[in-house]
Structure formats: C-alpha cells, structure tokens
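K.L.:
Sequence first, predicted coordinates after that:
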Amino acid sequence: MSLVRLNIKGISYSQTQNGAYALILNEVDGDRKLPIVIGAFEAQSIAIALEKEIRPPRPLTHDLFKNFADRFDIVVKQVIIHKLVDGVFYSSLICERDKIEEIIDARTSDAIALALRFQAPIFTYKNILDKAGIYLKVNPKKEDDEEQDSILVDDLIVEEIEAASAEQEGYKNKSLEELNNLLEEAVNNEDYEMAAKIRDEISKR
C-alpha cells in the first residue's frame, strides 16, 4: 500500500457543539482533506505547537513527552495513520534510538501533536484517504475555506452524536449478561469510550 503525505491545514471548531473540534489534514499532492474529530485538550496542544510564538509557562503533556524523548535521544521520525475502523483513526509513531527503530501505537490526535513538536512528517495509506478523504465544495460568492471547514465540523459532530445515540439504543435491547460480555470485550480491545457507555447502561439497570 502506498503512503500519502499529509499537511495540517488547521483546526476548525463546531458552531453548534461547544468543545467540539476537527483537525483538517491536507493531501500534499492533491486536493482531498482528511477531517478528524479531536478533543479540546488535544486541539489546544496542536494549536500551541502550530503557533510558534506561544509558549505555555509550564510544559503540556506533549511537551513533557518531547523533553523526555530528547533527554534519552529518542526521535519521532514519522507518524502513520494506518487504520480506520468505525470512524476511528489509528496511528503509529515511528521512533528511533541508537539506530534501532520502534513502532508505538498512539491516538491520532496525540501522534499529530508529537509530530509537530518533532517536525516529523505525517502519512496515511492511499486506501484510507480514498475511503475518508473529502473535497470541500466552495461557493466563491458566499463562503471561504474556513467557513466550509466549520460547516464540515458540524456535520461530523452530528454524525458522531447520531452514531452514539444509535449505539446507546442498541445497548438497551441487550441483557445484563450480554452487556457485561461487551464491557469485557471493550476493555480487552482498549476501547475505553465504548466501555464507559456500556458501564453507564449497566449502572442504569
């Protein structure tokens, strides 16, 4: 599978949902964009890394990781967004120390926050971009790219909320035994967000 390099176009926010952000990645040799919904903390961390003049008084978590890596001569060489499952992007940090390369699993938002701090390139596979990449349609008379990005984020958040609601409805139809089995499976898969939703449904019972 061929790799496609991505650049960070920026972070867009939802005009209707407080605290909801999307990281917009641009295909380097093309027009497609890859939008990824991220949390407020990660959005802040990425925004600070993009704005070179802003220096927080104390190190953020990603700054601490960078300082720790520098101290022990660990370099993040690149980030690869390697998998997309049910709307969730999975990423890997390609690290090197003493000419030995290691691959470390990471959330995509964390991986990109670190890539910025290490000035490491970001890649994804062509099939992921084919599946999730979009073209933003711009009406030159009315809207610019930034406004389109904001509308795009609202669409993404609405899709997420609808998917979560459908998922929650599905849990209501399951027995306690089935829910406990699903909870165990979610924890084993390290899907803690799903585990929290199932736990909430179990608590309601």
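P.N.:
Structure received.

K.L.:
Show the contacting residues for residue 4.
P.N.:
Contacts for residue 4 were tallied using Cβ atoms under 8 Å, 6 or more residues apart in numbering; they are 27-30, 123-126, 129. From N, CA and C alone the C-beta is placed, and that goes for glycine too.

K.L.:
For those, pick the one with the most neighbours.
P.N.:
If you count neighbours using other Cβ atoms under 10 Å, the busiest of the contacts of residue 4 is residue 124, which has 26 neighbours.

K.L.:
That one contacts residue 6, doesn't it?
P.N.:
Yes - with contact defined as Cβ atoms under 8 Å, residue 124 counts as touching residue 6 (6.0 Å).

K.L.:
Give me the common contacts of the two.
P.N.:
Shared contacts of residue 124 and residue 6 (Cβ under 8 Å, 6+ apart): 25, 34, 81.

K.L.:
Quick one: find the helix or strand in the chain with the lowest mean pLDDT.
P.N.:
Scoring the helices and strands of the chain by mean pLDDT, DSSP states H and E places helix 145-172 at the bottom, with a mean of 58.

K.L.:
Pull the distance from the helix or strand just after it to the chain's centre.
P.N.:
For helix 145-172, the succeeding helix or strand toward the C-terminus, using DSSP states H and E, is helix 176-188. Taking Cα atoms, centre = their mean, to the nearest Å, one finds the center of helix 176-188 at 25 Å from the center of the full chain.

K.L.:
what's the answer for stretch 43-62, then?
P.N.:
For stretch 43-62, the distance between its averaged C-alpha position and the chain's averaged C-alpha position is 17 Å (Cα atoms, centre = their mean).

K.L.:
what is the mean pLDDT for that stretch?
P.N.:
Average pLDDT, stretch 43-62: 85.
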